[in-house]
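> Got a sequence here, can you build the structure:
(one chain, ligands or ions: 2)
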Amino acid sequence: VKLWLFSHLQDSPGNRLLTEEAQRRGHEVRLVRPSELNLTLGKSITERPDLVFTRTGSSAPAAALANLAVLEQTGLRCLNSLAGLRNSRDKTVCYSLLASAGVPIPRTVVVGDWTDTSWLPELKGPPWVVKLSVSTKGQGVCLVESERSLRSVVDALGQQDESTVLVQEFVAEAKGSDIRVVVLGGRARVAARRSAGSKDEFRSNIYLGGRAEMVELNQNMTEIAERATEVVGLDVAGVDLLETSGGYLVVEVNGSPGLTASPRLPSAVMNYLEEVTR
Ligand SMILES: Nc1ncnc2c1ncn2[C@@H]1O[C@H](COP(=O)(O)OP(=O)(O)O)[C@@H](O)[C@H]1O
Ligand SMILES: [Mg+2]
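Numbers count the residues shown, from 1 in each chain. Ligands and ions are numbered 1, 2, ... in the order given. Down below sits the predicted model:
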C-alpha cells in the first residue's frame, strides 16, 4: 500500500509510530506536509498514493485544511475527510452537532453577552470549565472558581479571533479522568482510561502528564462513541467520555487522535487502513 501521512508536523510520536508500523508491514509511507505541496487546481496528482491519512487535528493551521480540500478535489481518498475534520475542529460546532443528535454532552453555554446571566445557575458551579472552542491538548481549558473570575476569563479569552468561548458544567464525578475510545470505520476498537498526572489537575491529557491504561470496551461506551463519530462525520476518531452516575458524557470528538494512549493503537489503525485500501 502507498500511504501518505498528511501532517503539519515534521515529527510527532504518532507519525513515528505509524510510519514504523507501516514499514514493518512492507507499505510505502510518505510524510507529506501541507506547506510542501505545489497543487494545481483541476489537475490530477502524479504518483498518487492509495490513501491519504490525515493527522491534522485542532492544532493544525486552517491552511492545512484548505490544502486538504485541494487533495480531495483531485479525487484522492482522504481519511479523515475535510468535512469531518471541520466539524470536529471547533468544539462549538462539534457540541452543536452532538446536541442536535441527542448525544449526551456536559451542559454547555456559548457566551457572548454578560448583561444576561440567567443561564449561569444551570451550570451548577462554581467551579465552571471555560474552553476556547478551537484548542487542543488541554491548553485552552480552564477551571474557574468564582463568578468574578469567570467573567474576566471569558472576556479575556473572547479576544481571540478563531475561537468562541464556552462555559461548561464541571463534571467533578469524573475525578480528573476520562475514557478515550478510538473509533475506526464506524466501530469502536480500543479504549483507554486517561487520568490526570496530579491530584490538582482536572485535565487528563497525556500532553499535560496524564497517564493511560487500557480498559475493556463496554456496550454503553461503544454505542455513544460510535454515534458521536457518525454525527461528526469522521472515519477515524478519538472520542473522550466523562463517566457519571447518569451515564457517559461526550467531552470531545478528536479528528486526529494521538496514538500513544494504548500500545494497541498503531496496529489497530494500520489494520483499518489496510482494510480500507483492500
Ligand atoms: N466539563 C468538564 N468537566 C470535567 N472535566 C473536564 C470537562 N471538560 C474537560 N475536562 C477535562 O479536560 C480535558 C481536556 O478537555 P477537552 O475538552 O478534551 O479539550 P482538549 O481539546 O484541549 O483536549 C478532558 O479530557 C477532561 O479530562
Ligand atoms: Mg481532549
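> list the buried ones in stretch 260-270?
Residues of stretch 260-270 classed as buried: 260-262, 264-270 (neighbour count, 16 or more other CB atoms under 10 Å). Where you see a C-beta, it was placed from the backbone N, CA and C, and this is true even at glycine.
> Let's see which of those residues end up in helices.
Among the buried residues of stretch 260-270, the members found in helices (DSSP state H) are 265-270.
> Export those residues as CSV, with columns for pLDDT and distance to residue 205.
Converted to CSV, these look like this (pLDDT from 0 to 100; distance: CB to CB, whole Å):
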residue, pLDDT, distance to residue 205
265, 94, 16
266, 95, 19
267, 96, 23
268, 96, 21
269, 97, 20
270, 97, 24
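> Adding distance to residue 179, write the residues you listed out as CSV.
Formatted as CSV, those follow (distance: CB to CB, whole Å):
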residue, distance to residue 179
265, 14
266, 20
267, 20
268, 16
269, 18
270, 23
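> Out of those residues, flag the one nearest to ligand 1.
Ligand 1 has its nearest neighbour among these in residue 265, at 16.8 Å by CB to the nearest ligand atom.
> quick one: that closest one from residue 277, how far?
Per CB to CB, to the nearest Å, residue 265 is found 19 Å from residue 277.
> What is the neighbour count of residue 163?
The burial metric for residue 163, expressed as a neighbour count using other CB atoms under 10 Å, is 19.
> check contacts around the residue lying closest to residue 166 once chain neighbours are set aside.
Of all residues not flanking residue 166 in the chain, residue 131 sits nearest, at 4.5 Å (CB to CB, 6 or more residues apart in numbering). Residue 131 sits next to 91, 140-142, 165-166, 168 when contact means CB atoms under 8 Å, 6 or more residues apart in numbering.
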